[in-house]
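[1] Show me the folded form of this:
(2 chains)
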Amino acid sequence: GAVVSQHPSRVICKSGTSVKIECRSLDFQATTMFWYRQFPKQSLMLMATSNEGSKATYEQGVEKDKFLINHASLTLSTLTVTSAHPEDSSFYICSAIPTAINEKLFFGSGTQLSVL
Amino acid sequence: GENVEQHPSTLSVQEGDSAVIKCTYSDSASNYFPWYKQELGKGPQLIIDIRSNVGEKKDQRIAVTLNKTAKHFSLHITETQPEDSAVYFCAASTQGGSEKLVFGKGTKLTVNP
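    Got it, this is the predicted structure:
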């Protein structure tokens, strides 16, 4: 099956620093990737849609300058949480759609971000 | 926009029993309905999906049914095992997953040995 690798799985950082999370499709190309945020015991909240070679589309209420997304290749999208604060602590998950079949969404394993 | 309601929020069954999770959706244009299983600290894993031109789909102990008229779909797990314990999310999309999936709030399933 399609594999999406997300790294790191867990990161602890100091308030004010920036953190980069990588999402890679290992065995398929993905023109479109998605970034979600998930709070404990809650559903996934879509933050933005990442499109290879173009600007990401952000959901209402998500600060684009806070959450920088770069989708520079067909297998890699990155999310950078800039000037992180404790309220940014959360579980971040990426997902990708194989371009070849353009259906079915596959998720990464998630990144637990803790901002001290 | 699309709204997906999922019930129950928690479900506890004995090993070997069946479990049923139900979802309703609001947008009649939705045509793709996947189910995901999420274990603690991990990303969701696609376990089964169904399209609107099909009423039922089965994969071993897992089945999904879809009622387009009533706009609801259900996940059925038979002969449950402790390793089935997880949070299950239903979702709906209007374009086979290439559009944004709208997720239900999840059901925490506990299978007691």
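
[2] can you tell me which helix or strand the closest residue to residue A:40 other than its chain neighbours belongs to?
    Nearest residue to residue A:40, sequence neighbours excluded (C-beta to C-beta, 6 or more residues apart in numbering or on different chains): residue A:91, at 7.9 Å. In short, each C-beta sits where N, CA and C put it, glycine included. Using DSSP states H and E, residue A:91 maps to strand A:90-97.

[3] Next: residue A:2.
    Residue A:2 belongs to no helix or strand when assigned by DSSP H and E.

[4] That one is in contact with residue A:75, isn't it?
    No: using C-beta atoms under 8 Å, residue A:2 is not in contact with residue A:75; the gap is 11.5 Å.

[5] hey, what's in contact with both of these two?
    Both residue A:2 and residue A:75 are in contact with A:25, A:28, where contact means C-beta atoms under 8 Å, 6 or more residues apart in numbering or on different chains.

[6] burial count for residue 108?
    In the absence of a named chain, chain A is used. By other C-beta atoms under 10 Å in any protein chain shown, the residues close to residue A:108 number 28.

[7] if you could check chain B rather than the one you did, that'd help
    15.

[8] mind listing what it touches?
    Applying C-beta under 8 Å, 6+ apart, the residues near residue B:108 are A:41, B:9-11, B:86-87.

[9] Which one among the residues you listed sits at the bottom for pLDDT?
    Lowest pLDDT within these is found at residue A:41 (83).

[10] hmm, who's touching the worst-scoring helix or strand of chain B on mean pLDDT?
    In chain B, no helix or strand scores lower on mean pLDDT, DSSP states H and E than strand B:102-103, which sits at a mean of 90. Applying C-beta under 8 Å, 6+ apart, the external contacts of strand B:102-103 come out as A:43-44, B:1-4, B:25, B:36, B:89-93.

[11] cutoff 10 Å now
    A:36, A:38, A:43-46, B:1-4, B:6, B:23, B:25-27, B:30, B:34, B:36, B:44, B:89-94 (C-beta atoms under 10 Å, 6 or more residues apart in numbering or on different chains).

[12] Residue ranges in chain A under the pLDDT threshold?
    A:1, A:102 (pLDDT under 70).

[13] ok, and does stretch A:52-65 reach over to chain B?
    Yes: Stretch A:52-65 is in contact with chain B by C-beta under 10 Å from any C-beta of the partner chain, via A:57, A:59.

[14] counting contacts, what elements does the strand holding residue A:91 pack onto?
    strand A:4-7, strand A:19-25, strand A:32-38, strand A:44-51, strand A:76-81, strand A:106-107, strand A:111-115 (3 or more C-beta pairs under 10 Å, 6 or more residues apart in numbering or on different chains; DSSP states H and E).

[15] Off-centre distance for the shortest one?
    By that I understand strand A:106-107. Centroid separation for strand A:106-107 versus its chain: 11 Å, with C-alpha atoms, centre = their mean, to the nearest Å.

[16] Would you confirm that residue B:82 contacts residue B:12?
    No: between residue B:82 and residue B:12 there is no contact under C-beta atoms under 10 Å: 12.0 Å.

[17] Lovely, talk soon.
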